[in-house]
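1. Below are the sequence and a predicted model; questions follow.
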Amino acid sequence: MTIPPTTASRPGALAELLNELGWHRAFRVLLSRVDEDDFWMAVVRQLARHLTFNTWVALIFYQHRPPTILADSDEDDGTDEALFQDYQRGLYLLDPFYVACREVNESGLVTLDEVAPRHFRRTEYYQQYFSRNIVADEIQLNRRLDEERTLCLSLGATTPFGSAELGVLQLVQPWLLELMRLRMHFEQGGEVLGPHPWHPHQGTSEQVASRHGLTQREREVSQLMLGGGSAKEIARRLEISVETVRAHKKHLYTKLGINSQAELFSLFWQERP
């Protein structure tokens, strides 16, 4: 009769067991700090033992107002503070993670490849914000709180995340997402800003106009364009035809008196609160 090898006699299995025990201990420590000021720092330090990333931010996405920043990587030169202020004042509308979250408010791991439009890296948003703050790749752990709010932990890296790193996050996300949910009982309300005038408002009339006379649909098309969406991608997201997308683009360019997306971005940024 063949006796199966014990765990101790199989180095791979032993390493896997020890790794799991390490994670159990880590989550026990994190749970003990869930009400502490340094909770988010403790989380990212634990993740940094298994993943390589350069920036991080914990924030709340809302359906009807700008995101709230809860904690971030806090660069010494202060550049992150200015970038996050710009983000909250309007650039969030062009963030592919925010756009995707408004469409499908679900919990789980989300990667940039899953949500970025085809022409994302050609956009003014990418050049002026993303490439300066994130540089190469971004992933998010999202915990849906209710119909209005989603708690997010975003990690940015100067090199793409590998399959092994994504595998680690996929493995630990059930426990980490529940820790994030518990953390919300101890979070203080952050600064509340008014929404950008071009923010999509659910349930409003198609004829609601901005200062430039743009309809709700034209504002939606403009944001998806500025976020890098092609005509086909915009048509799919809004469930309209490509011809209708092109008609909206023509109308909003005429109303605004512009001829390019660079000019559209300039007007969008001038409207920030």
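-> Structure received.
2. Start from the N-terminal end of the stretch 101-250 of the chain and give the strands.
-> Taking DSSP state E, counting those that start in this stretch as the test, the strands found in the stretch 101-250 of the chain are 108-111, 137-144, 149-157.
3. just so I have it, where are all the helices in the chain?
-> 11-32, 39-47, 79-88, 96-103, 112-115, 124-125, 131-133, 163-183, 216-226, 231-238, 242-256, 261-270 (DSSP state H).
4. tilt between the last one and helix 216-226?
-> Interaxial angle, helix 261-270 versus helix 216-226 (axes from the mean of the first three to the mean of the last three CA atoms, to 10 degrees): 120 degrees.
5. List the buried residues in helix 261-270.
-> Gln261, Leu264, Phe265, Leu267, Phe268, Trp269 (16 or more other CB atoms under 10 Å). For glycine as for every other residue, the C-beta is placed from the backbone atoms N, C-alpha and C.
6. what packs against that helix?
-> helix 124-125, helix 216-226, helix 242-256 (3 or more CB pairs under 8 Å, 6 or more residues apart in numbering; DSSP states H and E).
7. Dump these into CSV; add mean pLDDT, distance to Pro67 and mean neighbour count as well.
-> As requested, these are exported to CSV (pLDDT from 0 to 100; distance: least, CB to CB, whole Å; neighbours: other CB atoms under 10 Å):
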stretch, mean pLDDT, distance to Pro67, mean neighbour count
helix 124-125, 87, 15, 22
helix 216-226, 90, 15, 22
helix 242-256, 93, 25, 16
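8. Of all the ones you listed, which one comes closest to Val168?
-> Val168 sits nearest to helix 124-125 of all the helices and strands packed on helix 261-270, at 29.0 Å, using CB to CB.
9. The closest one packs against which elements?
-> Packing partners of helix 124-125 (3+ CB pairs under 8 Å, 6+ apart): helix 261-270.
10. Just list the residues touching the residue nearest to the spatial centre of the chain, thanks.
-> Taking CA atoms, centre = their mean, the centroid of the chain lies closest to Phe97, which sits 3.6 Å from it. With contacts defined as CB atoms under 8 Å, 6 or more residues apart in numbering, Phe97 is in contact with Phe61, Val110, Leu112, Val115, Glu138, Gln140, Cys152, Ser154.
11. ok, now with 10 Å
-> By CB atoms under 10 Å, 6 or more residues apart in numbering, the contact list for Phe97 reads 59, 61, 67, 110-112, 114-116, 138-140, 142, 150, 152, 154.
12. And Glu148, by the same measure?
-> Ile60, Phe61, Tyr62, Gln63, His64, Arg65, Asn105.
13. and the gap between it and Pro96?
-> Applying CB to CB, to the nearest Å, the value for Glu148 to Pro96 is 20 Å.
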